[in-house]
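have a look at this prediction, sequence included:
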Amino acid sequence: MEIELTRTYFKKGTNGMLYYQSSFQCYTIELPWLNNQPQHSCIPEGRYRVIMRYSKKHKTHMQLPQVQDRALILIHPANDALKELKGCIAPVSILIGEGKGSYSRRAFEKVKQLILSLVDEGPIFITIKSNKNEHSRKDTGTNAEVFH
């Protein structure tokens, strides 16, 4: 099973749109791209395995266990990438700024239920790529995207 995350890069954070079978699921927020620096950058674009994981802090959530030069890359709730993330991906219901969103727990539960429904069908992967329609690149930190 394949999930797709299409990103737009900004100076203060990375915003994304998560799809399953071409159907929009939710928005995402991440740290800005800072050359894959652990705990300071979003992870590189690519294709990653998604597995279920449990911890006391996040309860049941998802992990991308095979990210090069990184550890504990998770999918978990957060509304402000710079304050709450260390390289992880947070689903959000509404984008309100660069790396900022609202109603993350609601969006996270939707994504978690989707992943749980697919677990028995075989390996689950997420493909992360750049938004082909963005007007600028991640190195400029500007873009014409409008936030809600």
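Looks like it arrived, so ask away.

any low-confidence regions in this protein?
Scanning the chain for pLDDT under 70 picks out the ranges 133-148.

pull out the buried positions in the lengthiest strand in it.
Longest strand in the chain by number of residues, with DSSP state E as the criterion: strand 46-55. Judged by neighbour count (16 or more other C-beta atoms under 10 Å), strand 46-55 contains these buried residues: 48, 50, 53. For the C-beta atoms, the positions are set from N, CA and C on the backbone; glycine is no exception.

out of those residues, who's nearest Tyr19?
Of all these, Tyr19 sits closest to Val50, with 13.9 Å by C-beta to C-beta.

pull the number of nearby residues for the residue nearest to that closest one when sequence neighbours are not counted.
Leaving aside its sequence neighbours, Val50 sits nearest to Ile124 (C-beta to C-beta, 6 or more residues apart in numbering; 4.5 Å). Neighbour count of Ile124, defined by other C-beta atoms under 10 Å: 19.

who touches Ile124 in this structure?
Ile124 makes contacts with 1-3, 49-51, 115, 118, as judged by C-beta atoms under 8 Å, 6 or more residues apart in numbering.

let's go with 6 Å and repeat that
Neighbour list for Ile124: 1, 50, 118 [criterion: C-beta atoms under 6 Å, 6 or more residues apart in numbering].

now these as JSON lines including distance to Val92?
Compiled in JSON lines, those are given as follows (distance: C-beta to C-beta, whole Å):
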{"residue": "Met1", "distance to Val92": "22"}
{"residue": "Val50", "distance to Val92": "18"}
{"residue": "Leu118", "distance to Val92": "21"}
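
circling back to that earlier point, can I get the buried residues of strand 46-55 in TSV with distance to Lys11?
Below are those laid out as TSV (distance: C-beta to C-beta, whole Å):
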residue	distance to Lys11
Tyr48	25
Val50	28
Arg53	31
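
out of those, which is nearest to Ile75?
Val50 (7.4 Å).

so that closest one sits against Gln63, correct?
No - with contacts counted by C-beta atoms under 6 Å, Val50 stays clear of Gln63, the gap being 7.4 Å.

how close does the residue nearest to Val50 sit to Leu116?
Per C-beta to C-beta, to the nearest Å, Ile124 is found 10 Å from Leu116.
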